[in-house]
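Colleague: coords please:
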Amino acid sequence: QVQLVESGGGLVQAGSSLRLSCAASGGTFTNYCMGWFRQAPGLEREFVAAINWNGGITRNADSMKGRFTISRDNTKNMVYLQMNSLKPDDTAVYYCAAGWGRTSLLRVTGDGYSYWGQGTQVTVSS
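Modeller: Residues are numbered from 1 along each chain as shown. Predicted coordinates:
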């Protein structure tokens with residue numbers, strides 16, 4: 001059983017940056033690819049970014065490419081989401097997720113992930 005705890009959310013102005021962190025415990029971290037998703041009020045959960053087990057392969061949602069960067073530190077069992085040039089439309093609860101396997105085919109839908117954190121709120125004011 002993997003536990004995931006996100007942190008780093010908050011209220012920021014448009015154009016600002018935030019770095020979200022996700023701490024993983026309870027499993028062998030390198031056996032999992034990791035992903036970030038978000039959900040805004042009234043909208044469906046949306047894929048943000050994913051990273052494979054060793055950090056060598058990443059994938060971003062097209063709408064966030066160039067602004068958001070996912071990374072991981074396997075020595076600390078941590079995954080990060082660096083968010084730059086934030087926009088009001090980025091306002092959402094951001095979730096960290098873990099999916100089993102050392103695959104190079106990164107999953108972009110929620111059903112590819114078995115474990116989820118509780119989420120961290122990001123609010124971007126205009």
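
Colleague: show me the residue sitting in the middle of this structure in space.
Modeller: Taking C-alpha atoms, centre = their mean, the centroid of the chain lies closest to residue 36, which sits 2.2 Å from it.

Colleague: and residue 91, how many neighbours?
Modeller: Other residues near residue 91 number 18, with proximity taken as other C-beta atoms under 10 Å. C-betas here are computed from N, CA, C, even on glycine.

Colleague: enumerate every residue touching it.
Modeller: 40, 122, 123, 124 (C-beta atoms under 8 Å, 6 or more residues apart in numbering).

Colleague: sec struct for the nearest residue to residue 52 once chain neighbours are set aside, please.
Modeller: Once flanking residues are discounted, residue 52 sits nearest to residue 33: 5.1 Å by C-beta to C-beta, 6 or more residues apart in numbering. Following DSSP: H, G, I helix; E, B strand; the rest coil, the label given to residue 33 is strand.

Colleague: for residue 33, list each beta-bridge partner.
Modeller: According to DSSP bridges, the partner residues bridging residue 33 are residue 99.

Colleague: burial of it, as a residue count?
Modeller: For residue 33, the number of neighbouring residues by other C-beta under 10 Å comes to 27.

Colleague: my read: it touches residue 51, true?
Modeller: Yes - contact criterion C-beta atoms under 8 Å: residue 33 and residue 51 qualify, at 6.5 Å.

Colleague: quick one: end-to-end length of stretch 45-63, please.
Modeller: Stretch 45-63 has its terminal residues 14 Å apart, counting by C-alpha to C-alpha, to the nearest Å.

Colleague: what residues are up against residue 74?
Modeller: The neighbours of residue 74, taking C-beta under 8 Å, 6+ apart as the test, are 29, 30, 54, 55.

Colleague: turn the residues you listed into CSV, including secondary structure.
Modeller: Below are these laid out as CSV (three-state DSSP):
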residue, secondary structure
29, helix
30, helix
54, coil
55, coil
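
Colleague: helix, strand or coil for residue 93?
Modeller: Recorded secondary structure, residue 93: strand (three-state DSSP).
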